Each structure stands twice: as structure tokens, then as C-alpha cells.
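> quick one, structure for this:
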Amino acid sequence: MTANRNDPKAETSKLVSSTSSTSGSHQSPLWSGFQSLTKGEISFSQAARESLRRWGASLRRRRERAQAAHPRPARAHLRPEFQELSEEQLLKHFRERQTPVFFAGWDAADDSIASLQTEYFADETTELIDSALEIIRAHRWPLLGLGPKDFGTEINWHRDPLSGKDWPRTFHADINLLRGDGSDIRVLWELNRLGHFLTLGRAFAVTKDEHFAQEFFTQLADWQEQNPYAIGANWASAMEVALRAMNLLAAFMFFRQSEELTGDRLRRLLGLLEQHGSYVQRNLEYSYTGTSNHYLSNIAGLLWIGLLVPELRAADQWRDWAKQEILREIEKQILPDGADYEASTGYHRFVLELLFYSFVLCKSNNVDIPPVYWERLALMFRYVQAYLRPDGKAPLIGDTDGGQVMPLVRRQADDHGFLLALGAKLFKDPGLKPAGVHVSEEALWIWGTQAVTKEATTEFTLGSAAFPQAGTYVLAADDLQMVFTASVPGRSGRASHGHNDALSIEVSACGRAFIVDPGSYVYTADLRWRHQFRSTAYHSTVQVDKAEQNSMVESEPFILGREAQPGVLLWESSGDFDRVVAEHYGYERLSDPVRHQRSTRFDKRHRWWLVEDELVCDGEHELAVRFHFDAGLEAEVRQQGIVVACDKQTGHRLFVCSLDLFEDLSLEAQFVSRDYGKKKPSVTACWSTTITEGCKLRWALIPVCRDEDESKRFLECGALSPL
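As a prediction, the model looks like this:
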């Protein structure tokens with residue numbers, strides 16, 4: 001397989017969405033590509049090559065359509081030395097083979113893994129087995145933030161668990177993935193990633209109960225029967241096909257020694273894996289206008305199949321090509337400071353998992369990864385360490401759909417801390433590991449007994465950090481943290497997962513999140529809510545004339561303009577203070593252009609922040625300055641333009657004080673989403689005013705921990721008394 005995408009052997013095919021979003025929205029890829037061209041964001045030669053690529057993809061899809069019209073049983077094309085083996089001989093080979101190597105915790109001969117799982121994670125082990133039993137007894141398991149869902153006696157793999165609506169069983173390219181009827185393709189795809197098979201696999205590894213294996217093989221056979229090659233929405237995204245293949249491989253490694261694995265079941269599984277690899281190869285979500293986590297997932301899936309099923313004829317070709325392509329994508333998608341280029345902490349977690357698991361597999365199987373790429377991976381872990389809040393959770397900047405790669409443990413969308421235990425072990429860097437964390441469940445299954453070896457520990461401390469390429473700045477000390485966002489999402493006009501959050505802030509104090517990014521909630525199930533959660537009004541920044549910082553169209557859930565182009569003018573940090581100054585240009589497209597500049601200063605000795613907003617303009621404009629509080633806080637307006645958000649359980653408070661506007665303060669009802677498909681009510685403080693020329697507005701953010709005196713804290717900060 002060649003990396004030349006104009007070569008038919010490369011089998012590059014359709015781009016499910018021009019934005020490579022997880023929604024799979026079927027906006028015309030050709031049209032969006034030329035939209036980018038008209039913005040001057042891609043060259044004429046890129047546009048020409050992209051047109052040729054899409055023309056070739058359309059020809060290949062015609063052939064695929066013809067093949068799908070006459071479905072055949074999945075049959076793997078094996079290497080000659082395996083092709084003539086009987087089912088019994090092939091089964092014996094797979095049970096006894098020593099290479100390729102999977103993760104150490106999957107070693108069925110090592111009973112110590114089950115013992116360690118029970119020893120270190122007793123409650124989690126009980127929950128694991130109970131969850132696996134629920135899968136058997138009731139076909140019930142959780143999806144994203146939707147909680148446990150019942151899938152019925154006969155699982156319908158084409159039924160959207162959110163709306164109950166069925167998706168058509170027609171050729172994948174004919175399916176409209178944005179239906180506007182409340183159904184959500186992201187939720188259907190989560191079901192069909194088959195991540196719950198790993199719950200069955202881990203329960204089997206711990207208990208050796210063959211009922212878990214029986215359920216796996218029964219559900220898998222049912223899935224194959226309902227999903228013939230290229231038919232239905234579950235074949236409509238190469239990303240989903242690739243991630244499903246990775247989960248199938250991981251599950252198979254658990255059940256390789258099971259009595260339930262027969263020669264016939266093995267051949268059917270091998271045929272299914274080859275179908276998945278062939279589909280991904282033919283439908284790579286590559287575009288000359290840009291690539292994203294979709295394409296990275298495509299090539300990771302091919303790498304895994306090629307690496308872990310070398311018995312397939314195409315295995316070496318897939319493995320070698322995919323490895324080189326992953327390295328190229330790292331250079332494009334991972335910024336020099338370690339952040340994923342899509343300006344989303346949620347997708348940073350996803351891409352980090354994708355690369356981490358793939359790199360460890362390569363290392364275990366002597367597939368060389370040059371040191372420079374290991375260094376970039378280490379920086380990705382450092383980025384996570386820097387943005388984690390004092391409570392150990394992640395700020396959900398940009399989109400997040402809660403997606404996981406090989407979900408051994410179900411993690412909420414804002415749970416990123418477990419990654420640090422993996423990074424600390426991989427790079428032998430105890431400074432990455434959070435305080436009090438000895439081993440994570442994921443680490444146990446990845447490294448087996450080696451995961452619990454005693455290592456030196458380094459105290460994890462919260463500190464300030466700057467990531468200029470990412471546009472992320474962390475102003476932090478002790479139990480206080482502000483995350484300042486000046487990100488430019490995506491490249492070449494592709495901002496699939498960015499939000500209108502230029503110069504927005506997140507604030508944690510006394511170990512508790514107070515001002516937060518709202519998250520995402522849903523994608524295509526409800527476009528109005530999709531628009532709300534990524535809008536300027538849902539972020540802690542300044543809105544001018546009710547305009548969006550970047551242009552958005554509600555009917556296009558994964559397209560965001562790039563008018564804002566935020567840039568940082570100054571960053572300085574010392575033991576006493578941090579300061580960041582940035583501006584954006586999103587409102588310069590107004591009839592009377594407005595430039596927004598925001599400066600934030602963190603006084604570490606007196607423990608408070610000063611935020612200054614300067615609006616440069618000539619005419620009259622309406623301003624709305626918002627601070628979006630976390631769910632679970634009670635907000636109260638005090639006198640003289642002061643609002644306090646309070647955590648009633650702990651008594652911790654954060655005062656947001658206007659030093660220039662003493663009226664026109666209101667509390668707006670909004671929402672926060674910590675996991676996909678779930679939202680909680682929250683409150684936003686909003687100062688509204690009209691300016692007739694440029695102005696400067698200032699805000700003091702003063703935390704008061706449980707037993708501290710409010711008046712004393714205000715005097716320490718040189719601010720007015722809140723009383």
C-alpha cells in the first residue's frame with residue numbers, strides 16, 4: 001500500500017463529512033472544499049488534487065456498491081501457509097502462538113492479573129462482574145452520559161438508543177446521517193463500537209466463567225448477521241469501523257483460550273476483521289483540505305489489524321503503511337507544545353489514547369517508532385497534566401463526546417487523570433503521576449504485574465504553564481487555577497470541534513471548579529442545543545451586538561468560521577504573579593469594527609485575579625460580559641455589581657466583582673454538560689451595557705475558602721467590601 005493518495009492502490013475513498021466530525025454530517029465534501037479555497041485557506045493545487053481524489057473515490061464506491069448488492073459470507077484471505085489449515089489446526093495455531101504480543105494483562109496463563117485486580121480494585125471488580133452479568137441477563141450497559149440502556153431480548157444494532165428510531169439498512173453512502181428527527185448517529189455508533197465486549201472480556205479474565213465468552217460470541221454472530229458488509233449506518237464511517245475493529249481485537253485476545261471459541265467462530269471473526277480492514281482501506285477519511293481524529297483512527301485501526309493478525313495476506317501492507325501514515329499525521333495534528341490541533345481537550349484525550357495504545361503495541365512487537373515521536377507523545381501527557389483542575393477533572397474546552405479508545409474502564413468525559421498514571425509508567429516519570437495514585441486499572445491491564453512495581457514518587461504540584469501553539473495558558477498556584485483560552489481551532493478552515501470561546505476563562509478555587517466551559521451536550525440529535533453549547537453566549541467572554549465571535553450556521557453542526565483568529569500579545573510568569581494579554585478579531589466584520597483585548601493578571605500572594613476587557617471601536621455597541629458558573633453552585637447578586645457563587649456543601653465561594661459597571665447585572669439560566677447526552681442546570685452572571693466608543697472594563701475574581709472572612713479577603717485584594 002502506497003502513501004500516494006492518487007494511486008488507486010491507496011484505496012482512499014469518501015470523506016464521511018467534509019469536517020471529519022464524529023457526526024458524519026453529509027454536507028457536500030466538494031462544496032466545503034471549495035469553500036475553503038475561496039477563503040484562501042488552501043492552494044489551487046490542493047483543491048485540484050482534492051477534486052481528483054474525490055473523483056477516484058466515487059469510482060471506487062460504485063464498485064463497492066455493486067459488491068454490496070451481492071453479499072457473501074465473510075471469508076478471510078490468509079497467507080498460503082494458513083489457507084490450507086483445517087479449522088482445528090487454525091484454532092490450535094491461534095491459541096498457542098506467542099507472537100504477535102498484546103498487552104501483558106491479557107495473558108491468560110498469568111492468574112496474578114486477576115488477583116491484582118481484586119487486591120487493588122476490590123469495589124471496581126465487584127462492579128465489573130455485576131456489569132458483565134447485566135449484559136448477559138438483561139442486555140443492559142451504559143452508553144456515554146446516557147446511563148445504562150436496555151437493548152432488549154433481541155438486540156437491534158440499527159436502533160438509535162436515544163430516540164428509539166431505526167436507521168435504514170441500505171448502502172452506507174446513501175444514508176443521510178443528519179436526519180433532524182431526534183436520532184443521533186453518534187449514539188448509534190457508540191453502541192456499535194462494541195466497547196461493552198471488553199467488560200465481558202475482563203470479567204472472563206477475572207472469573208474464567210464461560211458464560212461471559214458465550215455471550216460475546218452470541219452477540220458477535222448476531223451483529224454479523226444484521227450488518228452485512230457496507231450495508232447500514234454502522235458502515236457509514238471508516239472511523240467507527242476502525243474503532244470497532246480495535247475493540248474486537250482486544251476482546252478476541254481475552255477469549256482466545258475460551259472453550260467457546262470454535263474453528264468456525266474463529267474463521268468468521270477473521271473474515272469480519274478482514275472486512276473491517278478492507279473497508280477502512282477503501283474509505284479512508286483523508287482530504288487534501290485537512291485531516292483530523294477521524295483519519296488518525298482509520299490508520300490506527302489498519303495498524304492494529306495488520307500488527308495483530310499477521311495471518312492475513314494484507315497484514316504487512318496495512319501495518320507498514322499505517323505506521324508511516326500515523327507518524328505523518330502526528331506532525332500535522334499534534335502541535336509542538338503537545339496539544340491536539342483541534343482545540344478540544346476532549347479530543348486531545350481521545351487522540352492521546354489512540355497514540356498511546358498504538359505506540360505501546362508497536363514497542364512490544366519491535367515495530368520501530370523514532371524517538372522524536374515518543375517525545376511528542378510525552379508532551380501530550382504534559383499538556384494533560386497542565387490543564388487538569390485541582391479537583392483532578394479536565395476543563396471541557398471545545399467539543400467532547402466522551403469517546404474512548406479501547407474502553408477498559410468507563411470514564412466520564414472530564415476524567416483525564418487516569419492517563420497520567422499511564423504516562424508515568426511508560427516514560428518512567430513519576431512526576432506525571434497525580435498524588436495518591438499508585439496504579440490505575442488501565443495500567444494493570446496494559447503492563448500486568450509490572451504496573452504495580454514500586455517506583456520513586458514525586459509530589460504533583462499545580463503550577464502555571466504556557467502552550468503558545470495551542471493558545472492555552474494556565475495561571476495557577478496551590479489550589480487556584482485559571483485556564484485562559486486563545487486557541488485557533490483546526491487548520492485550513494477546518495474547525496470541526498472548536499467553540500466560540502476566544503479569550504474565555506475557566507476558574508477553580510479552593511479545589512473546586514467555579515467558572516467553567518459548558519461542554520458539548522449533543523451533536524446532531526438537537527441542532528438548537530448543539531448551537532447553544534458552542535455559542536459565544538455560553539462562554540465566559542465578551543459578546544458584542546449579540547454577534548458570534550466566529551460565524552456559525554445552525555444547520556451545519558461541524559462548521560465554524562475562523563474570523564476571531566485570537567493571538568497572544570504577552571505572557572509573563574513569576575513566583576508572585578502571572579499575566580496574559582490576548583486579542584481577537586471576530587467582531588471586526590461588524591459595520592463598525594470592534595477589537596476585543598483581554599488581560600488577566602493572577603496575584604499569587606494575595607490569591608485573586610484581575611480581568612481587564614478593552615473594546616476598541618468608534619460607534620455604539622451593546623456588550624454582554626458573561627461568567628458561566630458550574631452546575632451545583634448557588635449564585636447571588638450582591639450590591640455594587642458583585643455576584644457570588646457558593647458551594648453550599650463546602651462553603652467555598654468565588655466573588656466576581658465589576659470595578660466599572662455597578663448596574664445591569666443579571667443571572668441567566670444556562671446549562672453545563674459533563675458527559676455527552678447529559679446536561680445540568682447552571683447560572684451565568686451577565687453584565688449588559690451600551691458603549692458609544694471604546695472602553696475598558698475590569699473584573700476582580702476573589703476566592704474565599706470555607707472559613708475565611710470575606711471582608712478581610714477583599715481588603716487583602718484591595719477591593720471593595722462585598723457586604
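
> buried residues in the longest strand that the chain contains, which are they?
Taking DSSP state E as the criterion, the chain has its longest strand at strand 678-691. By 16 or more other Cβ atoms under 10 Å, the buried positions in strand 678-691 come out as Lys678, Lys679, Ser682, Val683, Thr684, Ala685, Cys686, Trp687, Thr689, Ile691. Where C-beta positions appear, they are placed from N, C-alpha and C, glycine not excepted.

> could you pull up the contacting residues of the third one?
So that's Ser682. For Ser682, the contacting residues are Val516, Pro518, His628, Phe629, Asp630, Ala631, Leu633, Ala669, Gln670, Phe671, Val672, by Cβ atoms under 8 Å, 6 or more residues apart in numbering.

> which of these count as buried?
For the contacts of Ser682, buried by 16+ other Cβ under 10 Å: Val516, Pro518, His628, Phe629, Asp630, Ala631, Leu633, Gln670, Phe671, Val672.

> ok, which stretches of the stretch 451-600 of the chain are helices?
Under the criterion DSSP state H, counting those that start in this stretch, helices of the stretch 451-600 of the chain are mapped to 527-533.

> any low-confidence regions in the stretch 401-550 of the chain?
Across the stretch 401-550 of the chain, the ranges flagged by pLDDT under 70 are 435-438, 454-461, 490-495.

> what about Ser287, distance to Ser688?
For Ser287, the distance to Ser688 equals 42 Å [Cβ to Cβ, to the nearest Å].

> next one: Leu327
For Leu327, the distance to Ser688 - Cβ to Cβ - is 50 Å.

> and what of Asp401?
From Asp401 over to Ser688 (counting by Cβ to Cβ), the distance is 33 Å.

> just Val616 next, same as before
20 Å.

> next, count neighbours for the nearest residue to Glu154 once chain neighbours are set aside.
Among residues not flanking Glu154 along the chain, Asp222 sits closest, at 7.9 Å (Cβ to Cβ, 6 or more residues apart in numbering). For Asp222, the count of nearby residues is 14 (other Cβ atoms under 10 Å).

> endpoints of stretch 256-268, how far apart?
14 Å (Cα to Cα, to the nearest Å).

> identify each buried residue in it, please.
Under the neighbour-count rule (16+ other Cβ under 10 Å), stretch 256-268 has Arg256, Gln257, Ser258, Glu260, Leu261, Gly263, Arg265, Leu266, Arg267, Arg268 buried.

> let's verify the last one: helix, strand, or coil?
With DSSP: H, G, I helix; E, B strand; the rest coil as the basis, Arg268 sits in helix.

> residue contacts, it?
The contact partners of Arg268, taken as Cβ under 8 Å, 6+ apart, are Pro73, Ala74, Ala221, Gln224.

> one more time with 10 Å
Neighbouring residues of Arg268 by Cβ atoms under 10 Å, 6 or more residues apart in numbering: Pro73, Ala74, Arg75, Ala76, Phe217, Leu220, Ala221, Gln224, Thr262.

> before we move on, what about the fifth one?
Applying Cβ under 10 Å, 6+ apart to Leu261 gives the contacts Leu91, Phe94, Arg95, Ala213, Phe216, Phe217, Phe252, Phe255, Leu269.

> secondary structure class for it?
Classified using three-state DSSP, Leu261 is coil.

> give me the distance between it and Glu210.
10 Å.

> surely Arg512 touches Asp479?
Yes. Judged on Cβ atoms under 10 Å, Arg512 makes contact with Asp479 at a distance of 8.6 Å.

> between these two, which is the more surrounded one?
Taking other Cβ under 10 Å, Arg512 and Asp479 do not tie; Arg512 has more neighbours (23 against 18).

> follow-up on the earlier one: what touches both of Arg512 and Asp479?
Shared contacts of Arg512 and Asp479, counting by Cβ under 10 Å, 6+ apart, come down to Arg389, Pro390, Asp391, His652, Pro703, Cys705.

> need the longest helix for the protein.
helix 44-68 (DSSP state H).

> can you list contacts of the helix or strand that comes right after that one?
On the C-terminal side of helix 44-68, the closest following helix or strand by DSSP states H and E is helix 80-83. Under the criterion Cβ under 10 Å, 6+ apart, residues Ala76, His77, Gln89, Leu90, His93, Phe94, Leu270, Pro310, Glu311, Leu312, Arg313 lie in contact with helix 80-83.

> residue contacts, the residue lying closest to the second one once chain neighbours are set aside?
If I follow you right, that is His77. Leaving aside its sequence neighbours, His77 sits nearest to Arg313 (Cβ to Cβ, 6+ apart; 4.8 Å). Arg313 makes contacts with Ala76, His77, Leu78, Arg79, Pro80, Phe82, Gln83, Glu274, as judged by Cβ under 10 Å, 6+ apart.

> span of stretch 477-488 from start to end?
26 Å.

> where does the residue lying closest to Glu260 once chain neighbours are set aside land in three-state SS?
Spatial nearest neighbour of Glu260, chain neighbours left out: Ala213 (4.1 Å); criterion: Cβ to Cβ, 6+ apart. Assigned by three-state DSSP, the conformation of Ala213 is helix.

> compute the number of surrounding residues for Ala213.
22.

> and it, what does it touch?
Leu200, Gly201, Ala203, Phe204, Ala251, Phe254, Phe255, Gln257, Ser258, Glu259, Glu260, Leu261.

> 7 Å instead, please
Residues in contact with Ala213 (Cβ atoms under 7 Å, 6 or more residues apart in numbering) are Phe204, Phe255, Ser258, Glu260.

> which ones among those residues lie within helices?
Those of those lying in helices (DSSP H): Phe204, Phe255.

> what would the contacts of Ala213 look like in JSON lines with distance to Asp664?
Formatted as JSON lines, those follow (distance: Cβ to Cβ, whole Å):
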{"residue": "Phe204", "distance to Asp664": "62"}
{"residue": "Phe255", "distance to Asp664": "64"}
{"residue": "Ser258", "distance to Asp664": "67"}
{"residue": "Glu260", "distance to Asp664": "68"}
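
> what is the nearest of the contacts of Ala213 to Cys717?
For the contacts of Ala213, the residue nearest Cys717 by Cβ to Cβ is Phe204; the value is 57.9 Å.

> what's the burial count for the closest residue to the closest one other than its chain neighbours?
With Cβ to Cβ, 6+ apart as the criterion, Phe204 has its nearest non-adjacent residue at 4.0 Å, and that residue is Phe212. Using other Cβ under 10 Å, Phe212 has 27 other residues around it.
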